[in-house]
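> mind folding the following:
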Amino acid sequence: MSRVSKRYSKALFSLAMEENVLEKVSVDMASLRELLSAESSFLAFTKNPLVSGAHKEKVLEELFKASFQPLTLDFVKLLSRKKRLDILDDVVTDFEALMLLHRNQLEAEIVSAQPLDGEQVSAIKQRLKELFGKEILVRLKEDSALIGGFLVRINGQIIDNSIRYQLTKLKEQLVA
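Reported below is the predicted structural model:
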């Protein structure tokens, strides 16, 4: 993320709070995230320097005028006018990070060798909540290379409770 994208996302966040439409703008930004990740042609369109800003603005108006908040639409059009639409994906990511902070939440990815049941996921979430003091949003993933156990990626940290990790540590101790 760039400092420029952080400035734009903070400006949008502040304005949305001021106008009391923060949750609605957050929904719009989530829609943009989905569109940017699902449609490579839309991402390419936003980053294409050969398409004029006026044309991009017109396309954005047609795409989003019916579904987006006026504030979000004006913001995206402003990015186009300022020739900053190429950082839209970074702005969306930064905005989502601000929303997590605002809601006192953290995202965590739990990777396990086999599918975890609801009780196991709840127990892990509860322990993470105790450790970090925030509500935990979880994404589940499977990786059979872990052999057993799980690992958690959260807040730039990895908590590895996998059998693969334990076997590696045991091997290191035996070799030493």
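
> not counting sequence-adjacent ones, nearest residue to residue 67?
residue 31 (7.2 Å; CB to CB, 6 or more residues apart in numbering). Where C-beta positions appear, they are placed from N, C-alpha and C, glycine not excepted.

> on the three-state scheme, that neighbour is what?
Local secondary structure at residue 31 is given as helix here, using DSSP: H, G, I helix; E, B strand; the rest coil.

> going forward, the N-terminal residue is numbered 467.
Okay, residue one is now 467; in that scheme the one you just asked about reads as residue 497.

> can you get me a residue count around it?
15 (other CB atoms under 10 Å).

> do residue 612 as well
19.

> any weak-confidence spans in the chain?
Residue ranges of the chain with pLDDT under 70: 467.

> can you tell me the element the residue nearest the centre of it falls in?
Closest to where the C-alpha atoms of the chain average out (CA atoms, centre = their mean) is residue 559, at 5.3 Å. For residue 559, the host element (DSSP states H and E) is helix 554-568.

> tell me what that helix is packed against?
Applying 3 or more CB pairs under 8 Å, 6 or more residues apart in numbering; DSSP states H and E, one finds that helix 554-568 contacts helix 469-484, helix 488-504, helix 506-513, helix 536-547.

> is it true that residue 526 touches residue 539?
Yes. Between residue 526 and residue 539 there is a contact at 7.3 Å, judged by CB atoms under 8 Å.

> how is this protein divided into domains?
Domain ranges of the chain: 469-567, 571-641, per automatic domain parsing.

> what's the most buried one of those domains?
domain 469-567 (a mean of 16; mean count of other CB atoms under 10 Å).

> got a list of contacts for stretch 626-642?
579, 611-618 (CB atoms under 8 Å, 6 or more residues apart in numbering).

> closest to residue 547 out of those residues?
Proximity of these to residue 547 (CB to CB) peaks at residue 618, which lies at 42.2 Å.

> contacting residues around that closest one?
574-577, 590, 594, 624-625, 627.

> same question, residue 474
Residue 474 neighbours (CB under 8 Å, 6+ apart): 541, 545, 550, 553, 557, 560.

> and the third one, how close does it get to residue 477?
According to CB to CB, to the nearest Å, residue 550 stands 12 Å off from residue 477.

> again, but for residue 629
Taking CB to CB, one finds residue 629 at 47 Å from residue 477.

> ok, residue 620 next?
Plainly put, residue 620 is 28 Å away from residue 477 if you go by CB to CB.
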